[in-house]
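Colleague: here is my input; please provide its structure:
(one chain, ligands or ions: 2)
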Amino acid sequence: MKPPRKLHIKSYGCQMNVYDAQRMVDTLARENFVETDRAEDADLVILNTCHIREKASEKVYSELGRMRLAKQARARDGRNMRIAVAGCVAQAEGEEIVRRAPVVDVVVGPQNYQNLPQLLARAERDGKAIETEFPAEDKFALLAQPRPAQIRARGISAFVTVQEGCDKFCTFCVVPYTRGAELSRPVVQIIDEAKRLADNGVRELTLIGQNVNAYHGEGPDGRNWPLGKLLHRLGEIPGLARLRYSTSHPRDVDDSLIAAHRDLPTLMPFVHLPVQSGSDRILSAMNRKHTVGDYLATIDRFRKARQDIAFSSDFIVGFPGESEQDFSATLALVMQIGYAAAYSFKYSPRPGTPAAEIEETVSAADMDERLVRLQQLIDSQQSAFNRAAIGTRVDVLFERAARNPGQIVGRTAYLQPAHVMASPEIIGQVLPVKIEGLKRYSLLGQLASSEFSRGNQPAASSVSIGA
Ligand code: SAM
Ligand code: SF4
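Modeller: Ligands and ions are numbered 1, 2, ... in the order given. Presented below is the predicted three-dimensional model:
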């Protein structure tokens, strides 16, 4: 066995990258790499990048500047450091990365992580290795699964990628180019992975995909299963207390998904359903393939199936051609729906996308101003949603010790962090909590059953947040 080497991996962007980073760590563990938090100590640094907006994309080059200095410092001590760029910037820019940052040894696209060991060997032999193909092989079957101790170390909540890529081609988005065509993993592969996670202490599973409800993986019966059917099957796995999925496209909400929300108590009543804009004119220019009316009807179907359901969304402000009237329609839609949370972004033209060819019409100042107005509205809705929890009893899945001694933090069904004073034994359990107060975005409360409470619990208002 080779002596252990140290690996430092830094991920940017979406949950898919978090999952991919774990699979890369697991795959390199076979080569006797162990993870380190400190880049300076690493024999191999991987930057797992995001290309979705210009700002995210440019971060990689400033980080590479820092890595160059770290590599030089190690070289002075006679030690080597290999630098790899993975993720969607690697896919989109390929060789250009090495031209701009010659310090990079390996460039690897998201469809090629199973080949990381060979790519490292090639870089050692030839100086550089670049791979950004879309191979026919099933990368998920080839990537290593985590060892039981690794699963336990990662905590009680886990992601499983069930679907990758996108065929929707929204005009602003790079995903169809960086992640490729839509591909769903077979049901059996997902069930095996989920069982392994549950057997090793995972209590909450979030199924992820760029377009997760476009899922149509091959089932054990040889037919294509929709996401709702997959969720029903996962709901039978002992130990999994909570199921979630993200990110959904409004157009792919089918009856099986609605039925899953109606029938599955473990499926959390919180859906991330990005709408992007409240103007049909802009939705059409974005090629979103749905209207505001379609979106509202979809929200209605969810609400009829499960009354306590809440929503979050994504918005883009300042898309080319967005008038003040279009933007007002977005604000009106937000008012009409009432979100529990939402993300909003300034439009960022991405090279190679159709929207990047359209002349930008919204000035930087107007974009800033619209973003502030939208974020203020979303923030007020989120605060109202959180305030409504005060005085109620909510189920919390406890995740970990908070930074403040004696506090344990968990999440409600709506992903609100909730803090209580309690014994660490409650980690991994879903317990009722009486919510007594709020601090910023966190709920503060007391366990409704006294069994695990710590004695002399301070009043909720005096519990300070350390997480
Ligand atoms: N598949 C999801 C959907 O259809 O809504 C979204 C995936 S994307 C990774 C996450 C979010 O980034 C999008 O919902 C959108 O709001 C935002 N986004 C994507 N491209 C963008 C761009 N060019 N400029 C600004 N925001 C963008
Ligand atoms: Fe991008 Fe649109 Fe696909 Fe979402 S649905 S990943 S925004 S192209």
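
Colleague: how about residues contacting whichever helix or strand S383 is part of?
Modeller: In this assignment (DSSP states H and E), S383 forms part of helix 364-387. Residues outside helix 364-387 that contact it (CB atoms under 8 Å, 6 or more residues apart in numbering): 310, 315, 317-318, 322, 327, 330-331, 334-335, 338-342, 344-347, 362, 414, 416, 438, 441, 443. Using the backbone N, CA and C atoms, a C-beta is placed for each residue, glycine as well.

Colleague: can you give me the buried ones in that helix?
Modeller: 367, 370-371, 373-374, 377-378, 381-382, 385-386 (16 or more other CB atoms under 10 Å).

Colleague: likewise stretch 171-182?
Modeller: 171-180, 182.

Colleague: wait, which of the buried residues of helix 364-387 is closest to A297?
Modeller: Q381 (20.9 Å; CB to CB).

Colleague: need the per-residue pLDDT for the closest one.
Modeller: Listed pLDDT for Q381 reads 98.

Colleague: and if you look at K139?
Modeller: K139 carries a pLDDT score of 89 in this model.

Colleague: which residue is the nearest non-sequential neighbour of it?
Modeller: Leaving aside its chain neighbours, K139 sits nearest to Q114 (4.8 Å; criterion: CB to CB, 6 or more residues apart in numbering).

Colleague: contact partners for the one you found?
Modeller: Applying CB under 8 Å, 6+ apart, the residues near Q114 are 27, 137, 139, 142-143.

Colleague: strands of the stretch 351-467 of the chain, start to end?
Modeller: For the stretch 351-467 of the chain, the strands defined by DSSP state E, counting those that start in this stretch occupy 393-401, 407-411, 417-421, 430-439, 442-447.

Colleague: buried sites along the first one?
Modeller: The neighbour-count criterion (16+ other CB under 10 Å) identifies 394-399, 401 as the buried residues of strand 393-401.

Colleague: by contact count, what packs against it?
Modeller: Strand 393-401 sits against strand 407-411, strand 417-421, strand 430-439, with contacts defined as 3 or more CB pairs under 8 Å, 6 or more residues apart in numbering; DSSP states H and E.

Colleague: got the CA positions of that strand in CSV?
Modeller: Output of strand 393-401 as CSV, limited to C-alpha atoms (Å, rounded to 0.1, in the frame of the first residue of the first chain):
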residue,chain,number,x,y,z
ARG,A,393,-44.7,22.8,18.4
VAL,A,394,-42.6,21.7,15.5
ASP,A,395,-40.7,18.6,14.7
VAL,A,396,-37.0,19.1,14.5
LEU,A,397,-34.4,16.6,13.2
PHE,A,398,-31.3,17.3,15.3
GLU,A,399,-28.0,17.4,13.4
ARG,A,400,-25.1,18.5,15.6
ALA,A,401,-23.8,20.3,18.6
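
Colleague: contacts made by it with the rest, please.
Modeller: 155-157, 203-204, 241-242, 407-413, 418, 420, 422, 424, 426-435, 443, 445, 448.

Colleague: just the buried subset of these, please.
Modeller: Applying 16+ other CB under 10 Å to those flags 156-157, 203-204, 241-242, 407-413, 418, 420, 422, 426-431, 433, 435, 443, 445, 448 as buried.

Colleague: which residues sit in contact with L431?
Modeller: By CB under 8 Å, 6+ apart, the neighbours of L431 are 395-396, 398, 447-449, 452.

Colleague: now it, which residues is it bridged with?
Modeller: Assessed by DSSP bridges, L431 has beta-bridge partners V396.

Colleague: returning to what we had before: tell me which of the contacts of Q114 fall in strands.
Modeller: Among the contacts of Q114, none falls in strands (DSSP state E).

Colleague: quick check, nearest of those to S279?
Modeller: Nearest to S279 among those, with distances taken as CB to CB, is K139, at 38.7 Å.

Colleague: hang on, the earlier thing: tabulate the strands of the stretch 351-467 of the chain (JSON lines), appending distance to ligand 2 and mean pLDDT.
Modeller: Formatted as JSON lines, the strands of the stretch 351-467 of the chain follow (distance: least, CB to the nearest ligand atom, whole Å; pLDDT from 0 to 100):
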{"stretch": "strand 393-401", "distance to ligand 2": "28", "mean pLDDT": "97"}
{"stretch": "strand 407-411", "distance to ligand 2": "25", "mean pLDDT": "97"}
{"stretch": "strand 417-421", "distance to ligand 2": "27", "mean pLDDT": "97"}
{"stretch": "strand 430-439", "distance to ligand 2": "31", "mean pLDDT": "96"}
{"stretch": "strand 442-447", "distance to ligand 2": "30", "mean pLDDT": "96"}
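
Colleague: which one of those strands lies closest to ligand 1?
Modeller: Ligand 1 sits nearest to strand 407-411 of all the strands of the stretch 351-467 of the chain, at 21.2 Å, using CB to the nearest ligand atom.

Colleague: flag every buried residue along the helix or strand of the chain with the lowest mean pLDDT.
Modeller: Lowest by mean pLDDT, DSSP states H and E among the helices and strands of the chain is helix 139-142, with a mean of 90. Across helix 139-142, burial judged by 16+ other CB under 10 Å covers 139-140.

Colleague: identify the residues contacting that helix?
Modeller: 111-114, 161, 185, 189.

Colleague: and the residue of the stretch 151-300 of the chain nearest ligand 1?
Modeller: Per CB to the nearest ligand atom, P274 is where the stretch 151-300 of the chain lies closest to ligand 1, at 3.2 Å.
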